[in-house]
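Visitor: Provided below are the primary sequence and the corresponding predicted coordinates.
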Amino acid sequence: MDIQTAKQRAAEGVAAARDELIEVSLEIHANPELAMKEERASALIAGKLEARGFAVERAAFGLPTAFHARWGEGPVTIAYLCEYDALPEIGHACGHNLIATAGLGGAYGLKAAVSPDDVTLLVLGTPAEEDQGGKAIMLERGAFDGVDAALMAHPAPFDIAAPPMYGVEQANVVYKGQAVHASVAPEAGVNALDALVTAYQAIAQLRQHIRRDSRIHGIITYGGSAANVVPDRAEARFLVRALQTAYLADLKGRVQRCFEAGALGSGAQVTVQWDKYTYAPMNNSMPIADAYGENARTLGRKFLEQAVESTGSTDMGNVSWAVPSIHPTFSIGAFAINHTPGFTEVAATDAAHKSMIEVAQALAMTGVDLLHSPDLLRRAKDRFGAPA
Ligand SMILES: [Zn+2]
Ligand SMILES: [Zn+2]
């Protein structure tokens, strides 16, 4: 079969599954589940894959809501990734219902276009993208061993084939002081909230003097129990992001010193607990992203022309340093910004599903490119690995 015929079959394979994919998307959207608690979404997708002849391992890699699905025994291993976690209070405000179904549809499309002797086709259920870094844990536990290319796509305000994504370090900070009556004997107290506020202000000042391709933001999660008691405990969570790994490490050190400054000034004790799994900046595979972009354009997708600076972070970043990977973004038909209730609403519309189907088709066609065009995978591997 020539490559164009195979791509057409891939696109038709997705179109034939349209109703099923939309049904799955709507069911996940209507039942939002938080990171590592996505029992329903994970079981739903795993069941669909099993029904289509994939060998499915549930609770894969020691994560109850991860799965590993495989079809074919070919020499080239292509993995489609499904995210399906939601956010507290605002549900699927990041549209992971559309990620899950774009990945699922991409795999259906590729399966319809190739022989099981040519491909080892994986669908990986990757929980907990919004929190905890499911892919980082799966990577460490071998989920991507032997994978030649990893493909997924993320809903966003615009279509971008190779979006920059920040690396991120996340910290929980706890200050401990000495409680005392705030009026009777304040001089005997050590104010943990003051320590945290000093640190907060120091970070706010630091922010004036950091590079444009970085971000620092956080919230105070506990600041005392009563206004007439000097707080003996204060807590916060902060995120530090940057596009380059070395600069991220530099910023992390500077933020750490801001936390310590709060303790030094107030006499409180500070504990800074940086999360074990750092999200790495995205290392987009440009040869594969270009192939994806071409395929998506033939389906009518329109890409943002100018470069973007403002972005988020993803645990796909970690995967992208281990195997050639893409993480294109796609618009869902009406302008909305991720992590807002407006995005949640748009993520369940017909327009969003039209986008999801087209993106699934483009992902499937890109899988065909990886199997059929002799040098795409070689170019992806040749250009792979240099740290940012
Ligand atoms: Zn998100
Ligand atoms: Zn997301």
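Guide: Good, I have the coordinates. This structure is a prediction, so every number in the text was calculated from the model and none was measured. Ligands and ions are numbered 1, 2, ... in the order given.
Visitor: show me where the protein dips below the pLDDT cut-off.
Guide: For the chain, applying pLDDT under 70 flags the ranges 385-388.
Visitor: and the particular helix or strand that has residue 48 in it, how far from the chain's centre?
Guide: Using DSSP states H and E, residue 48 sits in helix 39-51. Computed by CA atoms, centre = their mean, to the nearest Å, the chain-centroid distance of helix 39-51 equals 20 Å.
Visitor: need the residues that contact that helix.
Guide: For helix 39-51, the external contacting residues (CB atoms under 8 Å, 6 or more residues apart in numbering) are 20, 24, 27-28, 31, 33, 56, 58, 64-67, 69, 82, 84-85, 97, 100, 104, 107, 123, 125, 127. Bear in mind the C-beta positions are built from the backbone N, C-alpha and C, glycine included.
Visitor: now, these that are in strands?
Guide: Of these, the ones assigned to strands by DSSP state E are 56, 58, 67, 69, 82, 123, 125.
Visitor: which residues of the stretch 51-200 of the chain fall in strands?
Guide: With DSSP state E, counting those that start in this stretch, the ranges of strands along the stretch 51-200 of the chain come out as 55-58, 67-71, 76-82, 119-125, 149-151, 154-156, 167-176.
Visitor: excluding its backbone neighbours, what's nearest residue 217?
Guide: Computed as CB to CB, 6 or more residues apart in numbering, the closest residue to residue 217 that is not its neighbour in sequence is residue 239, at 5.7 Å.
Visitor: any idea which element the one you found lies in?
Guide: strand 233-242.
Visitor: any idea how far the very next helix or strand once past that strand is from the middle of the chain?
Guide: Downstream of strand 233-242, the next assigned helix or strand under DSSP H and E is helix 245-266. Mean C-alpha position of helix 245-266 versus that of the full chain (CA atoms, centre = their mean) differs by 25 Å.
Visitor: ok, now stretch 340-357?
Guide: With CA atoms, centre = their mean, you get 18 Å for stretch 340-357.
Visitor: what comes into contact with it?
Guide: 14-15, 18, 21-22, 25-26, 29-30, 90-95, 97-98, 101-102, 105, 155, 330-334, 336-337.
Visitor: show me how to select, in ChimeraX, the buried members of these.
Guide: Remark: buried members of the contacts of stretch 340-357, expressed as a ChimeraX selection using 16 or more other CB atoms under 10 Å:
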select :14,15,21,22,25,29,91,92,93,94,95,97,98,101,102,105,155,330,331,332,333,336
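Visitor: list the buried ones in the helix holding residue 48?
Guide: 41, 42, 44, 45, 46, 48, 49.
Visitor: how about stretch 253-266?
Guide: Using 16+ other CB under 10 Å, the residues of stretch 253-266 that count as buried are 255, 256, 258, 259, 261, 262, 263, 266.
Visitor: before we move on, what about stretch 246-255?
Guide: 247, 248, 250, 251, 252, 255.
Visitor: verify the stated contact: the second one with residue 281.
Guide: Going back to what we said before, that points to residue 248. Yes: assessed by CB atoms under 8 Å, residue 248 is found in contact with residue 281 at 7.3 Å.
Visitor: can you check which residues contact both of the two?
Guide: Joint contacts of residue 248 and residue 281 (CB under 8 Å, 6+ apart) are 166, 167, 242.
Visitor: what strand or helix carries the residue nearest to the second one when sequence neighbours are not counted?
Guide: Nearest residue to residue 167 in three dimensions, chain neighbours excluded: residue 281, at 3.9 Å (CB to CB, 6+ apart). Taking DSSP H and E as the definition, residue 281 sits outside all helices and strands.
Visitor: which ones are touching the residue nearest to residue 217?
Guide: Per CB under 8 Å, 6+ apart, neighbours of residue 239: 168, 169, 170, 171, 215, 216, 217, 218.
Visitor: what about it, distance to residue 373?
Guide: Taking CB to CB, to the nearest Å as the measure, residue 239 falls 39 Å from residue 373.
Visitor: again with residue 335
Guide: Going from residue 335 to residue 373 by CB to CB gives 35 Å.
Visitor: the two: who's more crowded?
Guide: residue 373 (14 against 11; other CB atoms under 10 Å).
Visitor: I figured the more buried one was touching residue 3, is that so?
Guide: Yes: the criterion here is CB under 8 Å, and residue 373 meets it with residue 3 at 6.6 Å.
Visitor: can you tell me the closest non-neighbouring residue to the spatially most central residue of the chain?
Guide: By CA atoms, centre = their mean, the chain has its centre lying nearest to residue 314, at 3.2 Å. Nearest non-adjacent residue to residue 314, counting by CB to CB, 6+ apart: residue 165, 5.2 Å away.
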